[in-house]
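>>> fold the following.
(chains A and B, ligands or ions: 3)
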Amino acid sequence: MRHIISILLENEAGALSRVSGLFSARGYNIESLTVAPTEDESLSRMTIVTSGSGDVIEQITKQLNKLVEVVKVVDLFEAPHIERELMLIKVRATAKDRDDMKRMSDIFRGRIIDVSEDTYTIELTGTGHKLDAFIEALGRSVILETARTGACGISRGQRVLRI
Amino acid sequence: MELSGAEILIKCLQAEKVEYVFGYPGGAVLFIYDELFKQNKVKHVLVRHEQGATHAADGYSRSSRKVGVALVTSGPGVTNAVTGIATAYMDSIPMVIISGQVPTHAIGLDAFQECDAVGITRPCVKHNFLVKDVKDLALTIKKAFYLASTGRPGPVLVDIPKDVTTDKCKFEYPETISMRSYNPVVKGHSGQIKKAAQLLIEAQRPMIYAGGGVILSDAAPQLTKLVRMLGFPCTNTLMGLGGFPATDKHFVGMLGMHGTYEANMAMQNCDVLVAIGARFDDRVIGDPAHFGQVPRKIIHIDIDPSSISKRVRVDVPIVGHVPDVLDDLIKLIDAGKQRPDAKALGAWWEQIKQWKTKDCLRYDRKSKIIKPQFVLEKLYEITKGDAIVTSDVGQHQMWAAQFYKFDKPRRWINSGGLGTMGFGLPAAMGAQLANPGASVVCVTGEASFQMCIQELSTCKQYRLPIKIINLNNRYMGMVRQWQQFFHGNRYSESYMDALPDFVKLAESYGHVGISIEKPADVEPALKEAFKRTEELVFMDFITDQTENVYPMVGGGKGLTEMILAEEL
Ligand SMILES: Cc1cc2nc3c(=O)[nH]c(=O)nc-3n(C[C@H](O)[C@H](O)[C@H](O)COP(=O)(O)OP(=O)(O)OC[C@H]3O[C@@H](n4cnc5c(N)ncnc54)[C@H](O)[C@@H]3O)c2cc1C
Ligand SMILES: Cc1ncc(C[n+]2csc(CCOP(=O)(O)OP(=O)(O)O)c2C)c(N)n1
Ligand SMILES: [Mg+2]
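Numbering: from 1, shown residues only, chains lettered A, B, ... in the order given. Ligands and ions are numbered 1, 2, ... in the order given. Predicted coordinates:
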């Protein structure tokens, strides 16, 4: 099953490679991994989307907790949560298609953030599924380039991940 | 006053009361060596290969419960050390490894003798550090010792660029340390301990399975008390030997791939199993599916949550430090009125006695060729079970584990998790330095011994009177055994050809060498060797080439699917 694991870790050089090294050394899946400093600069927050049986996910969280630089680990799937991913997508938009593109972007609540003579660059956020659906809806032939961040997530309501 | 990084490092080692540093110099650590030279509190032991340095620091630690320290130079120094670091990591041994690194400004430029020490060792250390600023050095060393020795112990590497050893700053060694991201649990959860106590009292066919965690946490007294108080059978893993007295009537021998018949049968047939500081290794439980076939309740005490329910689901996990948890458990059982069901326990012991009649460690005592088991029995007799025994890896290791009865912890020193050939001799050096008056014996094989043979020179330099028992079967015996059992007797590359004359070899290093070819000469040779309390004696026992280690659970087989001597 798919899980989203959020990690607070010391914002130190090398911490990222410890986490990614752990996943490759122990053969765990990584669907995506995102990381950036938090409002507290000494900490980074990492979001890993992974999949595995209950036993595997339990080992993943235990092994992550064991890393000396990891401060806290939560499996967002244990409670209601929100998941978002950002995609920047550059599409071919020549005269006759431009209106179509614009409409499609609006339907998906995307924003056109760069325009050239025959391209649009659209910014879109949502779950991975929504981004996939947008790609499908546009049709691959018009897509010139995509850049996706991978998912990040947060619990709903009162639940917070902090130290 | 400002001190250089090298001075600070030595001051830190002094503050940690480090007695010995095992090392080998080189360009990146020259300033550190210069500071070592200027003082005499921290003694340096010059090994002959960096693998030897790490194994010696490891053997020092295992035999003394202190943190072992190794010092190596950048590049090849640290790559040579990796095997010893990984060995310590797999067996959770507290060590601090200091490695030199090229100057900070040269890092990443493929400088001479540059290698990414932090990257190379990352998967085989508890933690590692690259010190980029001399101001961080003292705190980092403090953290390294703290991390190595607390929680589940392990090796910690500190990589120090050369310019950091010359840069200066004020020196202050922190008295204590706390890290928000590292808080090992010590006390066990009281509710869980209560559940465990109840299960123990109600057990009809209980079994106690204790491992290396008991040794690492010095919990042998508590374990012994618990077992005797309950009257339950107890087994030890290869790493746990000595954690419970082998001569005690409750001891059923080692378990696992080469465990006793009775220990393995009891593991499979018990109704309540208590795992204490043991990690359900594949060499211990065999095929996990087979192991899980029978219903039994499992209690697991371990300081590392990731050891729990990793390979086997358990019913009562208790995260904590073994001595603390056992103290609580003992107190709870003591205070309660209930005692184990004596009748059920009696029947269970009857069953175990039945299994014991298999006499699974039996061997041909009338053999005209020296049997390796015989040598170890004699060794046990002559040393009165009081030696510190290190070993290499192979058949000789298993026979030592089976035939030398360890009554005390930290007397049996071997590489279990990584199974590193070459471990025995350097580990014995560390053990001898940590225990100057003790009899230190290295049980080895002619193949393993050649992997760190150069350390015979170190033994001479530091006058280490180690007794080496070479069970020379002219084969990589353990490999040969697998080839005999599972590869149709095709002894592919397992014959040890072109062996040196070990007696002359020992002599050329300035030691005493003895060759023993007849069973009748075994005892006299051992006696002669142990009389030479000041000298290293290398005993080359020419043993039966065809002897195998029994019982044996083949790879992937169930724990009770043992090959016994009689079946061949
Ligand atoms: C040729 C060969 C054959 C082998 N055959 C066998 C065999 O027949 N039988 C056998 O048993 N082994 C055998 N081994 C060894 C095997 O590979 C493992 O190394 C060994 O079984 C592991 O022992 P352990 O479970 O006691 O764990 P260890 O590796 O000693 O681990 C210790 C456990 O205790 C925990 N711990 C550490 N400190 C504490 C603390 N303070 N409080 C609580 N818990 C703590 C750790 O987290 C860990 O889970 C063999 C090895 C070789 C090389
Ligand atoms: C460094 C290393 N390489 C290879 C092995 C695989 N191996 C395990 S036992 C063994 C043979 C050991 O032979 P020897 O030291 O003569 O001991 P014996 O089994 O004959 O007693 C080998 C090659 C290992 N454990 N370690
Ligand atoms: Mg051999």
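>>> hey, let's count contacts and neighbours off CA atoms from now on
Fine.
>>> which bits of chain B sit near chain A?
Selection of chain B residues close to chain A by CA under 8 Å from any CA of the partner chain yields B:122-123, B:126-127, B:180-182, B:305-306, B:310.
>>> ok, the nearest residue to B:L137 once chain neighbours are set aside - contacts?
Spatially, and ignoring its direct neighbours in sequence, B:L137 is nearest to B:V131 (6.3 Å; CA to CA, 6 or more residues apart in numbering or on different chains). B:V131 makes contacts with B:137, B:140, B:158-161, B:164, as judged by CA atoms under 8 Å, 6 or more residues apart in numbering or on different chains.
>>> now do the buried residues in the top strand by length along chain A.
Using DSSP state E, we find that the single longest strand of chain A is strand A:81-92. Buried residues in strand A:81-92, counted by 16 or more other CA atoms under 10 Å in any protein chain shown: A:84-92.
>>> and the average pLDDT for that strand is what?
Taken as a whole, strand A:81-92 has an average pLDDT of 97.
>>> just the CA atoms of it, as PDB, please.
C-alpha atoms of strand A:81-92 as PDB (Å, rounded to 0.1, in the frame of the first residue of the first chain):
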ATOM      1  CA  HIS A  81      -4.200  14.300   5.700                       C
ATOM      2  CA  ILE A  82      -3.800  16.500   2.700                       C
ATOM      3  CA  GLU A  83      -1.400  15.800  -0.100                       C
ATOM      4  CA  ARG A  84      -0.200  18.200  -2.700                       C
ATOM      5  CA  GLU A  85       2.300  18.300  -5.600                       C
ATOM      6  CA  LEU A  86       3.400  21.100  -7.800                       C
ATOM      7  CA  MET A  87       3.900  20.700 -11.500                       C
ATOM      8  CA  LEU A  88       5.300  23.100 -14.000                       C
ATOM      9  CA  ILE A  89       4.300  22.100 -17.500                       C
ATOM     10  CA  LYS A  90       5.300  23.600 -20.800                       C
ATOM     11  CA  VAL A  91       3.000  23.000 -23.700                       C
ATOM     12  CA  ARG A  92       2.900  23.800 -27.300                       C
END
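>>> any idea which helix or strand comes after that strand?
helix A:98-107 (DSSP states H and E).
>>> what's the helix or strand just after that following helix in contact with?
Per DSSP H and E, the first helix or strand lying C-terminal to helix A:98-107 is strand A:111-116. In this structure, residues lying in contact with strand A:111-116 by CA under 8 Å, 6+ apart are A:102, A:105, A:120-124.
>>> and the closest residue to B:N548 other than its chain neighbours, what's its pLDDT?
Using CA to CA, 6+ apart and skipping residues adjacent in sequence, the residue nearest B:N548 is B:Q481, 6.2 Å away. For B:Q481, the model assigns a pLDDT of 98.
>>> would you pull up the residue in the stretch 451-568 of chain B closest to chain A?
B:G556 (20.0 Å; CA to the nearest CA).
>>> neighbours of that residue, how many?
The number of residues packed near B:G556 is 14, by other CA atoms under 10 Å in any protein chain shown.
>>> likewise for B:I301?
29.
>>> helix, strand, or coil at it?
Secondary structure for B:I301, judged by DSSP: H, G, I helix; E, B strand; the rest coil, is strand.
>>> that one contacts B:D324, doesn't it?
No - assessed by CA atoms under 8 Å, B:I301 is found out of contact with B:D324, at 10.5 Å.
>>> now the residue in chain B that chain A sits nearest to, nearest residue through space, not along the chain?
Proximity of chain B to chain A (CA to the nearest CA) peaks at B:S181, 4.2 Å away. Leaving aside its sequence neighbours, B:S181 sits nearest to A:V71 (CA to CA, 6+ apart; 4.2 Å).
>>> same thing with B:L425?
Excluding its sequence neighbours, the residue lying closest to B:L425 (CA to CA, 6+ apart) is B:C442, at 6.1 Å.
>>> burial measure for the closest residue to ligand 3 within the stretch 201-350 of chain B, as a count.
Residue nearest to ligand 3 within the stretch 201-350 of chain B (CA to the ion): B:H258, separated by 17.2 Å. Close neighbours of B:H258, defined as other CA under 10 Å, add up to 26.
>>> and it, how close does it get to B:V274?
20 Å (CA to CA, to the nearest Å).
>>> my guess is B:L13 meets B:V42, correct?
Yes - the pair B:L13 / B:V42 is scored as a contact, 7.3 Å apart, by CA under 8 Å.
>>> which of these two has more neighbours?
With neighbours defined as other CA under 10 Å, B:L13 and B:V42 compare such that B:L13 has more, 20 against 17.
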